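Asks: Just need the structure, nothing else, for what follows:
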Amino acid sequence: MSAKFMSPFVMAAHEVLEKEVEASIQRGLLALDRSGYTVDEVSVLVGLSGLVEGTILYGMSTYTAQALVSHMLSQAVEDFDELAQSAIGELSNIITGQACTKLEEEGYHCHPTPPTLIMGEGTLITTLAIQRLVIPLITQFGTIHIRLALRENLRHRL
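Replies: The predicted structure is shown next:
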């Protein structure tokens, strides 16, 4: 995965999380994810097509997801129900959209897919030949792992 695609996602996540949930954010240590299995209780998968193609996974614990949604809705969320799931999907969608805008500014046109929520650990999601870069974002609500498996689509440039 090209590191040039990381910065727009980190900047977008910072901006959106600070605005939407007033999060204080620290970036953890970067890592490569060599497993195709989800390790978080809640994962949101968003695909990209265009000049940048691949997959983004936003992963977190159920506790973190509920804490984020509770802050977004200004009320306690006891269950990770349909409303809470929709809110986490939309938060991921906003981050991806903002990152795509930043990529466009750098000349990389891309289109996100609608978010897909994956509940539970251990789901196999292969990204084929694209390695996943893991970016942990540590907040007061818990850690959000952004897993980027992106590459430049050279056929799209032609």
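Asks: Now do the phi/psi pair for residue 82.
Replies: phi -60, psi -40 (degrees, to the nearest 10).
Asks: can you give me the strands in the chain?
Replies: 26-27, 31-33, 42-50, 52-60, 110-112, 116-119, 132-139, 142-152 (DSSP state E).
Asks: From the contact counts, what lies against the last one?
Replies: Packed against strand 142-152, as judged by 3 or more Cβ pairs under 8 Å, 6 or more residues apart in numbering; DSSP states H and E, are the following elements: helix 6-21, strand 52-60, helix 62-73, strand 132-139. Placement of C-beta: from N, CA and C, glycine included.
Asks: returning to what we had before: mind giving me a markdown table with the strands of the chain and columns for distance to residue 14?
Replies: What follows is the strands of the chain, written out as a markdown table (distance: least, Cβ to Cβ, whole Å):
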| stretch | distance to residue 14 |
| --- | --- |
| strand 26-27 | 9 |
| strand 31-33 | 19 |
| strand 42-50 | 17 |
| strand 52-60 | 14 |
| strand 110-112 | 18 |
| strand 116-119 | 23 |
| strand 132-139 | 8 |
| strand 142-152 | 11 |
